[in-house]
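>>> Sharing a sequence plus its predicted fold:
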Amino acid sequence: MLAGFVIVFGYIVLVWLVFFYFKWLKFSITWGVVSVFVGLHLLLIFMIGLRFVAPYSTDAKVIQHTIQLIPRLSEPTLVTAVLVEQNVPVKKGTPLFQFDRRPYEYKVRQLEAQLAKAKQEVLVDEADVAIAVHKVAKLKDELVYDKYQSKLSAGLAKRGAGPQEDAQKWAAQVAAAEAGILEAEADEKRARLLYESEIDGVHTTVAEIAAELDLARFYLDNTLMVAPEDGHIINLQVRPGMVAGEVRFGAIASFICDADRYLLANYFQENLKYVKPGQPVEAALDLYPGQIWPGTVEAIWRGSGSGQMLPSGTLPSFNYVPTDMPQGQFAVVIRLDDPDQAKFPIGTQGRAAIYTNPGSGFAWLRKIGIRVYTWFNWVYPFSG
């Protein structure tokens with residue numbers, strides 16, 4: 001940077017000597033335009049140095065993770081109590097909202113009764129299997145008797161010692177008994193299938209109702225919404241009496257998390273050529289006029305939505321972008337060094353300078369510039 005000052009100073013001295021001290025040339029409008037034109041180009045030394053040695057962002061803002069608080073309930077449910085105040089810090093697990101528990105308690109009791117009934121029905125199925133087995137055994141014994149009578153009647157009828165009708169009756173009785181055994185065996189098979197229907201060692205009916213009961217208890221537990229982590233709520237519009245749940249889409253509040261807040265600053269891509277994680281940063285936040293907050297580059301988001309192409313049946317069009325228009329930017333994640341991160345609420349905006357070579361004169365020139373900005377914030381908002 002010193003060389004730049006020497007060159008500019010030498011140029012000014014040269015102009016003064018030529019046109020005003022020795023008067024080798026007569027200063028005219030033409031020479032004035034030429035002198036200013038050359039002088040402005042010499043100032044490019046400082047512009048280039050500042051851009052690459054001390055990149056500067058006019059769009060820096062504090063980012064905090066937010067969680068959309070959406071009731072995990074199976075049906076529209078009445079809000080019975082608001083247990084949190086807006087802008088008041090809460091710890092993880094602190095109750096926030098209470099929803100009407102009664103419909104969910106009724107559902108749990110209903111399913112508990114169904115589960116008990118299902119377990120009893122399993123015992124009934126077991127008894128049905130035993131009944132079916134005994135019925136088959138009984139019919140088989142009766143079939144033995146029917147066959148004996150049929151054989152006896154047929155023998156008597158053959159010898160003319162008995163009526164032919166008895167032989168025919170017992171033959172029909174045997175056929176009916178055999179059909180009855182087949183039917184009883186089918187009933188036994190059906191009873192056994194009902195009884196032995198299991199998944200992971202649990203009867204399927206019991207398992208199905210147990211799963212429904214677990215889901216009902218899950219919804220019952222969700223009637224009390226708690227803080228997902230340390231943080232706070234702003235813009236609290238929930239009031240007892242409003243209905244929330246499955247049909248009422250969207251969140252009822254936004255929960256701002258305390259942890260992992262950072263400063264996100266946009267830079268022109270070409271200015272990030274020498275930027276690396278770990279380099280020092282100075283930020284001027286509009287919330288604190290007259291103050292400079294040191295920090296460190298944590299990461300560079302090398303990517304932006306301008307490079308994303310979504311699946312579509314329409315062919316993309318590529319339009320010319322004038323060179324004098326702002327080009328694409330990348331974001332840089334900056335961690336501010338102050339131990340009290342609560343000083344930097346979500347959305348706090350300002351400007352940030354990265355020093356790729358802190359010992360350079362350009363860095364000092366940037367330090368002056370960013371301090372001028374923050375001190376001017378006392379009298380005029382420079383945001384935007």
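Thanks, I have it. Numbering: from 1, shown residues only.

>>> tell me the SS of the residue nearest to Tyr355 when sequence neighbours are not counted?
Closest residue to Tyr355 apart from its sequence neighbours, by C-beta to C-beta, 6 or more residues apart in numbering: Ala363 at 4.6 Å. For glycine as for every other residue, the C-beta is placed from the backbone atoms N, C-alpha and C. Three-state call for Ala363 (DSSP: H, G, I helix; E, B strand; the rest coil): helix.

>>> Per-residue pLDDT of Ala363, please?
Note for Ala363: predicted pLDDT of 91.

>>> hang on, isn't it packed against Gly369?
No - Ala363 lies out of contact with Gly369 (C-beta atoms under 8 Å); the separation is 10.6 Å.

>>> and the longest helix seen in the chain, what other elements does it pack with?
Secondary structure of the chain per DSSP state H: the longest helix is helix 102-159. Where contact means 3 or more C-beta pairs under 8 Å, 6 or more residues apart in numbering; DSSP states H and E, helix 102-159 is packed against helix 164-196, strand 202-203, helix 204-221.

>>> Phe22 is nearest to which of the ones you listed?
helix 204-221 (92.0 Å; C-beta to C-beta).

>>> Let me see the mean pLDDT of that closest one.
96.

>>> which other helices and strands contact the next helix or strand after that helix?
Going down the chain from helix 204-221, the next helix or strand is strand 224-226, by DSSP states H and E. Packed against strand 224-226 by the contact rule (3+ C-beta pairs under 8 Å, 6+ apart) you find strand 95-99.

>>> buried stuff in the strand it packs on?
Applying a neighbour-count criterion of 16 or more other C-beta atoms under 10 Å, one finds 96-99 buried in strand 95-99.

>>> Over to stretch 11-19?
15, 19.

>>> starting at the chain centroid, how far to that stretch?
Its chain's C-alpha centre and that of stretch 11-19 lie 65 Å apart, by C-alpha atoms, centre = their mean, to the nearest Å.

>>> Distance to Ile233 and pLDDT for the buried residues of strand 95-99 - can I get that in TSV?
Formatted as TSV, the buried residues of strand 95-99 follow (distance: C-beta to C-beta, whole Å; pLDDT from 0 to 100):
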residue	distance to Ile233	pLDDT
Leu96	7	96
Phe97	10	95
Gln98	15	96
Phe99	16	95
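
>>> Residues in contact with stretch 121-135: which ones?
Under the criterion C-beta atoms under 8 Å, 6 or more residues apart in numbering, residues 184, 187-188, 191-192, 194-195, 203, 205-206 lie in contact with stretch 121-135.

>>> Find the pair from those residues with maximum spatial separation.
Using C-beta to C-beta, the pair of these lying farthest apart is Ala184 and Val206, separated by 27.3 Å.

>>> ok, what's across the strand from the residue nearest the centre of the chain?
Nearest to the geometric centre of the chain sits Ile67, at 8.5 Å (C-alpha atoms, centre = their mean). Following DSSP bridges, Ile67 is listed with bridge partners Phe255.

>>> residues touching it, list them.
Counted by C-beta under 8 Å, 6+ apart, Ile67 has contacts 228-229, 231, 254-255, 257.

>>> does the closest residue to Phe20 other than its chain neighbours count as helix, strand or coil?
Among residues not flanking Phe20 along the chain, Phe27 sits closest, at 7.1 Å (C-beta to C-beta, 6+ apart). For Phe27, the assignment made with three-state DSSP gives coil.

>>> same deal with the one 3 residues further on?
Look at Thr30: counting by three-state DSSP, its state is helix.

>>> Based on its surroundings, how many neighbours for it?
8 (other C-beta atoms under 10 Å).

>>> Distance of it relative to Phe22?
To Phe22, Thr30 is 19 Å away according to C-beta to C-beta, to the nearest Å.

>>> rewinding a little: Leu43 versus the residue nearest to Phe20, what's the distance?
Distance from Phe27 to Leu43, by C-beta to C-beta: 21 Å.

>>> Check Val275 too.
23 Å.

>>> Pass me the low-pLDDT residue ranges in this structure, would you?
Low-confidence segments of the chain, defined by pLDDT under 70: 1-2, 4, 246-249, 323-327, 381-384.

>>> just to revisit the earlier point, out of the helices and strands packed on helix 102-159, flag the one nearest Ala3.
When the helices and strands packed on helix 102-159 are ranked by proximity to Ala3 (C-beta to C-beta), helix 204-221 comes first, at 70.1 Å.

>>> got the angle for the closest one vs helix 164-196?
Interaxial angle of helix 204-221 relative to helix 164-196 (axes from the mean of the first three to the mean of the last three C-alpha atoms, to 10 degrees): 30 degrees.

>>> Need the contact partners of helix 204-221.
72-74, 101, 104-105, 107-108, 111-112, 114-115, 118-119, 121-122, 197-200, 202.

>>> let's see it at 6 Å
For helix 204-221, the surrounding residues in contact (C-beta atoms under 6 Å, 6 or more residues apart in numbering) are 73-74, 104, 107-108, 111, 114-115, 118-119, 197, 199.
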